[in-house]
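Chemist: here is my input, please return the structure:
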Amino acid sequence: MEESTPGSSVAVLTSRTTATKWIYQVVPVTPGEWYQAGAWLQPRDDAALGFLRIAWYASSDGSGRQLATVDSSPAPGDAADFVEVTTGAVQAPPTARSAQVRLMLRPRSSALATLVADDAYFEPTSAPTPGPPEAPPPTATPIASPTAIAAPSPAAMATPDATASPVSSAAPATATPAARPEPTARPTRNTPPVPVASPTPEPTPLSAPQV
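Modeler: Numbers count the residues shown, from 1 in each chain. Sure thing, here's the model as predicted:
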């Protein structure tokens, strides 16, 4: 064991080939229950990365064919210190009876690669709280594409050989004067007769008696 920063003791996994290496522990699980796993990891030497893996089994001792696997976040090989990794809340398959909790080392090459692990754990947990439902994306209003209208081709105009002057065969129309309306006679006003002066009779001279 080596002294580590987070805890009091550590596990060390080494490799000298290119194959992925792991160490594991078998734990019992209840079908459909929620669990989480985590650890503090530091890849060293020629290690590419380290991570945790939960492998579910239908058997009670972790034997047989695995049902499914869940991986944690990785610890990169160039980390200068321990990195906390976790699987978060994961649900056991409905037929799972056990699980292998594995510390995984992925080497870069066949040179010496080392993974140092501390405070690894596997424990029951609560189901994650569902987040608010996502709002549906806005519905785009379709915009009608403009319809291209072909420009009309200019029609060819025939050039006349000669211009014919139209000759009218109809006689010219004679304008008939319109009848003028006769004036309506005005009623005659009864004017009183003007008296005419009778001529004054001249006196007839008397002849003197003959003596």
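
Chemist: what about this protein, any weak spots by pLDDT?
Modeler: Applying pLDDT under 70 to the chain flags the ranges 1-8, 140-211.

Chemist: show me what contacts residue 80?
Modeler: Under the criterion of CB atoms under 8 Å, 6 or more residues apart in numbering, residue 80 has no contact partners. Glycine gets a C-beta too; all of them are placed from N, C-alpha and C.

Chemist: list the buried residues of stretch 90-98.
Modeler: Neighbour counts using 16 or more other CB atoms under 10 Å place 90-92, 96-98 of stretch 90-98 among the buried residues.

Chemist: residues in contact with that stretch?
Modeler: Residues from elsewhere that reach stretch 90-98, judged by CB under 8 Å, 6+ apart: 26-36, 54, 56-62, 67-68, 70, 99, 127.

Chemist: can you check stretch 63-79 too?
Modeler: For stretch 63-79, the external contacting residues (CB under 8 Å, 6+ apart) are 37-39, 41-43, 46-58, 82-83, 85-87, 90, 93, 95-96, 100, 104, 108.

Chemist: from what I can see residue 82 touches residue 40, true?
Modeler: Yes: using CB atoms under 8 Å, residue 82 is in contact with residue 40, at 4.3 Å.

Chemist: picking that back up, so of the contacts of stretch 63-79, which ones are in strands?
Modeler: 37-39, 41-43, 47-57, 83, 85-86, 90, 100, 104 (DSSP state E).

Chemist: just the buried ones among those residues, please.
Modeler: Buried members of these, counted by 16+ other CB under 10 Å: 37-39, 41-43, 47-57, 83, 85, 90, 100, 104.

Chemist: ok, which stretches of the protein are strands?
Modeler: Listed in chain order, the strands of the chain (DSSP E) span 11-15, 21-28, 34-45, 47-57, 66-71, 75-76, 83-86, 90-91, 98-107, 113-124.

Chemist: which one of the ones you listed lies closest to residue 137?
Modeler: Closest to residue 137 of the strands of the chain, according to CB to CB: strand 90-91, at 29.3 Å.

Chemist: and that closest one, which strands flank it?
Modeler: Note on strand 90-91: by DSSP bridges, its sheet partners are strand 34-45 (antiparallel).

Chemist: give me the beta-bridge partners of residue 50?
Modeler: Here residue 50 shows beta-bridge partners residue 75, residue 105, assigned using DSSP bridges.
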